[in-house]
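Chemist: This is the structure alone, sequence omitted:
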């Protein structure tokens, strides 16, 4: 926070909020099944995405459309309703991402 008594003073904001995007072939995505804190319902969780929120939303929408289910994309994670790990890994690999199944 900066305080100035000058009438012509304007604070310059630095915009370092966006993460740098990485090419799909450089990203290592983990696809796992999760059912914690979801009332026993299974979701496919994709972690490890590096990029901005718009790219995350576009990838999330692609996965939801290809799987024919709902889900969400936020905080660097994509949630797909149901157990679609194998299908999601195939879709991600066809899009050029390095994806593998993780967890049990």
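Modeler: Good, I have the coordinates. Everything quoted here is computed from the prediction, not taken from an experiment.
Chemist: Run the chain-centre distance for the top strand by length along the chain.
Modeler: If you go by DSSP state E, the chain has its longest strand at strand 28-34. How far strand 28-34 lies from its chain's middle: 11 Å, per Cα atoms, centre = their mean, to the nearest Å.
Chemist: Partner strands of it, with direction?
Modeler: With DSSP bridges as the test, strand 28-34 is paired with strand 43-47 (antiparallel), strand 98-101 (parallel).
Chemist: Highest mean neighbour count across those, which stretch is it?
Modeler: strand 43-47 (a mean of 22; mean count of other Cβ atoms under 10 Å). From N, CA and C alone the C-beta is placed, and that goes for glycine too.
Chemist: Quick one: name whatever helix or strand follows that strand.
Modeler: Heading C-terminal from strand 43-47, the first helix or strand you meet, by DSSP states H and E, is helix 53-67.
Chemist: what's next to the helix or strand following that following helix, contact-wise?
Modeler: As assigned by DSSP H and E, the chain's next helix or strand after helix 53-67 is strand 71-74. Under the criterion Cβ atoms under 8 Å, 6 or more residues apart in numbering, residues 43-44, 53, 56-57, 59-61, 63-64, 78-81 lie in contact with strand 71-74.
Chemist: ok, and what's touching the very next helix or strand once past strand 71-74?
Modeler: Downstream of strand 71-74, the first helix or strand assigned by DSSP H and E is strand 77-81. Residues from elsewhere that reach strand 77-81 (Cβ under 8 Å, 6+ apart): 34, 41, 43-47, 49, 56, 59-60, 63-64, 67, 69-73, 88.
Chemist: Let's see that with 6 Å instead.
Modeler: 43, 44, 45, 46, 47, 60, 63, 67, 69, 70, 71, 72 (Cβ atoms under 6 Å, 6 or more residues apart in numbering).
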